[in-house]
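S.K.: Turn this into a structure:
(2 chains)
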2 protein chains.
Amino acid sequence: MKQVFTEIKSIDEALNFLFDKLKPLTDTFQTETIKVKESLGRVTAEPVFARLSSPSYPSAAMDGYAVSYKNTLTASERSPVKLRVNKEALYVDTGDPIPNSFDAVVMLEDVHLDGDFIEIYNAVSPYQHVRTVGEDIVATELIVSENHIIRPIDIGAMLAAGILEVKVRKKPVVSIIPTGTELIEPEVIKDRIPIPPEIIEYNSAMLAGLIEESGAKSLRLEIVKDDIELLKNSIEKALDSSDIVIVNAGSGKGSEDFTLSAFEELGEVVVNGVSMKPGKPLIIAFIKNKPVFGIPGYPVSAYLTYEIFVKPVIKKLLYLKDNEDDSIEAYISRQISSQLGTDEFIRVKVGVVNGKNIATPIGRGAGLLMTLVRADGLLNIPSFSEGYSPGAKVKVKLLRSKNEINNTLVCIGSHDIILDLLANMLKKKFPDYSMSSAHVGSMGGLIALKRGEAHIAGTHLLDEETGEYNIPYIKRIFPKDDIRLINLVYRIQGLVVKKGNPKNIKSIADLVREDVFFINRQAGSGTRILLDKCLKEAAIKPSSIKGYNREEYTHMSVASAVLAGIADAGLAIYSSAKALELDFIPIAEERYDLAIPSKNFDLGFIQVLIDILKNDEVFKNLIKELGGYDTKDMGKIIY
Amino acid sequence: MKQVFTEIKSIDEALNFLFDKLKPLTDTFQTETIKVKESLGRVTAEPVFARLSSPSYPSAAMDGYAVSYKNTLTASERSPVKLRVNKEALYVDTGDPIPNSFDAVVMLEDVHLDGDFIEIYNAVSPYQHVRTVGEDIVATELIVSENHIIRPIDIGAMLAAGILEVKVRKKPVVSIIPTGTELIEPEVIKDRIPIPPEIIEYNSAMLAGLIEESGAKSLRLEIVKDDIELLKNSIEKALDSSDIVIVNAGSGKGSEDFTLSAFEELGEVVVNGVSMKPGKPLIIAFIKNKPVFGIPGYPVSAYLTYEIFVKPVIKKLLYLKDNEDDSIEAYISRQISSQLGTDEFIRVKVGVVNGKNIATPIGRGAGLLMTLVRADGLLNIPSFSEGYSPGAKVKVKLLRSKNEINNTLVCIGSHDIILDLLANMLKKKFPDYSMSSAHVGSMGGLIALKRGEAHIAGTHLLDEETGEYNIPYIKRIFPKDDIRLINLVYRIQGLVVKKGNPKNIKSIADLVREDVFFINRQAGSGTRILLDKCLKEAAIKPSSIKGYNREEYTHMSVASAVLAGIADAGLAIYSSAKALELDFIPIAEERYDLAIPSKNFDLGFIQVLIDILKNDEVFKNLIKELGGYDTKDMGKIIY
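M.R.: I've put the predicted structure just below:
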């Protein structure tokens, strides 16, 4: 049953195999004739030439009087020429036809109307203010060439030239077959939680959106169970009504992965495994001369293999270039290492700080769709590279527009759910601005600020000696820079435990109990520093706590671990316990501030951010509802 | 009846009036709840928080065996740990749930299967290869904020988090009312030519496309005749079912322009005339608190007033920023003057020549839709400027992508229909490349080449002294540069006359006849130089030819003028006469070459262009069908 990747190919090799095999399909790909009025965004399959000239007869370019220029030759201020209306002159509105007996138009404001006559004070030249035949479009001229994406103005020009129908490239039809016995439709669990082994099938909706954006039509077929015959039937049915088929998941080498076998039995497999990460278990086959893709199940792998392999096929069938306008140059903010021999794709946040694009890598797991949602761009580390050092100049393919990135406030540091609410309030009140947060802990945030990688940092660092929050750290880390601290909130930290507190945990001291499993936060986070201080005060050795070495990166992940039963207790803020309906034992109130370099103070998004903190009562009320927060100093300058 | 623009406003003033009045509508604009699966491209009207965590239970991140990490602590190469399958170890595929009794996964390739047992050679850490609850998405976390355009990955993430419906901004509905007694639907003249005063109504299809591209829904109402009551009824009906109404044409001051009066009777006019060109006769009113636009009838005016006034209203109702990413810096290739006090919008061609973006202005008439179709960008000359000198650095708003512009071969010079066919053949065979032509005559082309504004120039300049084509001019104009000449065709020039030659014109000598009206080509064109040489040889004075001073810019315009009866004869190439079924009296065969600086020879698009000329038999046959061309030296290096 077990399949092995015997011939893993590089991305370029795989693309070459794919496009070699694709050629017969590209060369004969169908066209269709559609109404010009319905052709927006379609691709022409032949050049379009004008049937009619526009204007199709001489017409007035101005409101005024049509005249014969010869009759005006002697006109002057002193001896105007008089012409009889409706005989030697004719009133015309813009667009009106010019009768054969006339050959020029005098503007309304240049004539004096005197009973049945008009007076003209200047000689006019032939065809003055007359739109001649074909002034805009001459019959037979080329309006748009072949392989052109039809725009609104092209539609206008074609209709003006008497063209009602246009031959365009057919939209490729791409079928998606989700496969996996455990998959369920999202609608099935509308009002409940998935019961193991249920997995929500959401990749196909993402792929359908990507397919539509590529200019093709998506067709989503029913979920197929892990059964090779059912899968083969579904593929064959899909091939009858589509040009490209995607089988999602089952492309690996697990005991229930039948994609490879199904492809082998139905056609010819040309690629089985690509040296990329995420996305390695990609299979490409040709069945009935059509490309069929076995796309891996992890969402980020599915996204990347679609973008790198399926989208170019769609573009090729549409005779379009795959646009690459959307890359920028950026500087890497921290070390990234990568495996030799594998093309790796790293999700990054990009911020413009001090005029430079700074790219900060975020989560690399193939299963982390949210990191893709939050990413601003993708960075490719080619197979011959072992990675980049901080400060390296790299090319980043953008997932958001440059404009959006220029208007993004970059916040790196400690996590608090209030930052999510703040990001949303900013975007709600000022749709031009966005705020992006990366959660690396308080210390990580201050270091990012120091390196010029962030505009602001969220921090709640307790100084053990003085018992003071943040200020001692600012003084130590930024001895020369001018940094201000603005208070965000005071908040309650405490132990998050299961509902009803079944293990009867009452204080930090209970963490050493044999039956208590703890879940920790990462080193450098303010919460970790708080824990370590509490342990020291209680004279507890970290090694005596089971789970001390298991780290999560946010309050919510700690609470989730408790909810899921992975741990019995974790230190986190009250709102995270409340959100998941867990019990909570308060330990300490702490001050959470935003550190902002003075030079960033005048930036538009910082100004409005501070204004929200100071003055927005709706925002303050939202936070109070969360529980465990005190907003009394919100927006106040602390330092 | 006559209306006067009493209070013409600047663009900024008009926008301020518009947005002041719009505020109540923006603040209360509707939202709707739709299926997540159908939300691609829509704008969120509230933040979306996760309902479920993903994964929602601990699951295998790899294919392998689920184990309890404690059981592996003593494992080593020398003394592997043996675990009984289905008791102490359980086979799991990626994504399978991990039962409570296990807390880690050992990859398939790291175990040795021995009967009912597996052997493990290394201790595993807790939660190794296990996806914990919420690893990707933690319940309650923010997935997308308000005012966010939903992308395929967002759809995936929302479904993964158990969100099936999302509240989005309603799509604004924009009604378009075409008005004008003379307007006809394009379908009416499917098989014939418009009969004066018929005018094809094509603006509404262009506007509908622009509206759809802006993210709104367009509704095209029936054409309304020039009757104020009918117009008022149509506007009132439109307001019942839409958020914005556009009345197209009738916004000027002609005798049948009722738009202003209709607006005044129904509501409040806030703008009547804007100091912009094209686009001055714009009217904006508010009727029942909704914005109603009277948009001018000329297509370029309609396009510009839509882009500057209507589109920002749509974006505002969608809470979106009007994206301005699409501007580049370019250098103006020739003098442009502009009226003080008016914002002028100039259509330009943009080419990347010698690494610099060169913007060349093209036709400025408000009625010239084809110049907009052919334009690469728009250049705004602000009201306080009198224009730009050659070489001035300007900002150009692009109408095509930067990528397309980088891949565009710029050909400036003499016009020949073969250039249109060549442009199409290039785009057909190499969809990545485009060719843009500007018709400024042979001499103008060589000067553009000299200035570095074009990659190639089409030229057919006859040297009077030597009788030789092109080479003497190249030597004179480029004494130091290395220019090559590649032959395009030999072609027949002659007199184009009406069908049946009713005036019995036989030679150049007939042009002086009292009853013959001539239409000329512009000074500097090869055809004009040919005419002047013929006149000199025949000892005819230019002043003795009626119409010698009337100039057209292309062969087809000359032929069109003859077809339309504006002239009896003109000098042009045979194919133009044949295309319009006119008679033709041959005068001379001439050589038409392409001048190409040697340094441009290696450019990709030049290489493939020359390859088409040399080797493409399909292309040669297309040209032979046109008539009057000899392709014997096509692609041959002449100089």
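
S.K.: which SS state does the residue nearest to A:Ala579 when sequence neighbours are not counted fall under?
M.R.: The spatial neighbour of A:Ala579 that comes closest, neighbours along the chain excluded (CB to CB, 6 or more residues apart in numbering or on different chains), is B:Thr140 at 4.3 Å. Using the backbone N, CA and C atoms, a C-beta is placed for each residue, glycine as well. Assigned by DSSP: H, G, I helix; E, B strand; the rest coil, the conformation of B:Thr140 is coil.

S.K.: my guess is B:Thr140 contacts A:Leu580, does it?
M.R.: Yes - in this structure, B:Thr140 is within contact of A:Leu580 by CB atoms under 8 Å, at 7.2 Å.

S.K.: and for those two, which residues touch both?
M.R.: Residues touching both B:Thr140 and A:Leu580 (CB atoms under 8 Å, 6 or more residues apart in numbering or on different chains): A:Met556.

S.K.: Confirm that A:Ile235 sits in a helix.
M.R.: Yes - counting by three-state DSSP, A:Ile235 falls inside a helix.

S.K.: And for it, the neighbour number?
M.R.: A:Ile235 has 26 neighbours, counted by other CB atoms under 10 Å in any protein chain shown.

S.K.: try the one 10 residues further on
M.R.: Applying the criterion other CB under 10 Å, we find 28 residues in the vicinity of A:Val245.

S.K.: Please say which of B:Thr140 and A:Leu580 ends up with more neighbours.
M.R.: Counted by other CB under 10 Å, B:Thr140 and A:Leu580 do not tie: B:Thr140 has more neighbours, with 23 against 20.

S.K.: Could you pull up the residues touching that one?
M.R.: B:Thr140 touches A:417, A:556, A:579-580, B:49-50, counting by CB under 8 Å, 6+ apart.

S.K.: What of A:Asp532?
M.R.: Contacts for A:Asp532 (CB under 8 Å, 6+ apart) come out as A:Pro542.

S.K.: what separates the helix or strand hosting it from the chain centre, distance-wise?
M.R.: According to DSSP states H and E, A:Asp532 maps onto helix A:526-537. Relative to its chain's centre, helix A:526-537 lies at 39 Å (CA atoms, centre = their mean, to the nearest Å).

S.K.: Any chance you could give me that helix in CSV, C-alpha atoms only?
M.R.: Extracted C-alpha coordinates of helix A:526-537, given in CSV (Å, rounded to 0.1, in the frame of the first residue of the first chain):
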residue,chain,number,x,y,z
GLY,A,526,6.0,39.1,29.6
THR,A,527,3.8,36.4,30.9
ARG,A,528,6.8,34.0,31.2
ILE,A,529,8.7,36.7,33.1
LEU,A,530,5.8,37.1,35.4
LEU,A,531,5.6,33.4,36.0
ASP,A,532,9.3,33.1,36.7
LYS,A,533,9.0,36.0,39.2
CYS,A,534,6.1,34.3,41.0
LEU,A,535,8.0,31.0,41.1
LYS,A,536,11.1,32.7,42.6
GLU,A,537,9.0,34.4,45.3
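
S.K.: Toward the C-terminus, what is the element adjacent to it?
M.R.: Downstream of helix A:526-537, the next assigned helix or strand under DSSP H and E is strand A:551-552.

S.K.: what lines up beside that next one in the sheet?
M.R.: Using DSSP bridges, the strands paired with strand A:551-552 in its sheet are strand A:518-521 (parallel).

S.K.: so where is the stretch 201-350 of chain A shaky, pLDDT-wise?
M.R.: Where the stretch 201-350 of chain A drops to pLDDT under 70, the residues are A:323-325.

S.K.: near chain B, which residues of it show up?
M.R.: Contact residues (CB under 8 Å from any CB of the partner chain) of the stretch 201-350 of chain A with chain B: A:202-203, A:205-210, A:212-213, A:252-257, A:297, A:299, A:303, A:319-321, A:323-325.
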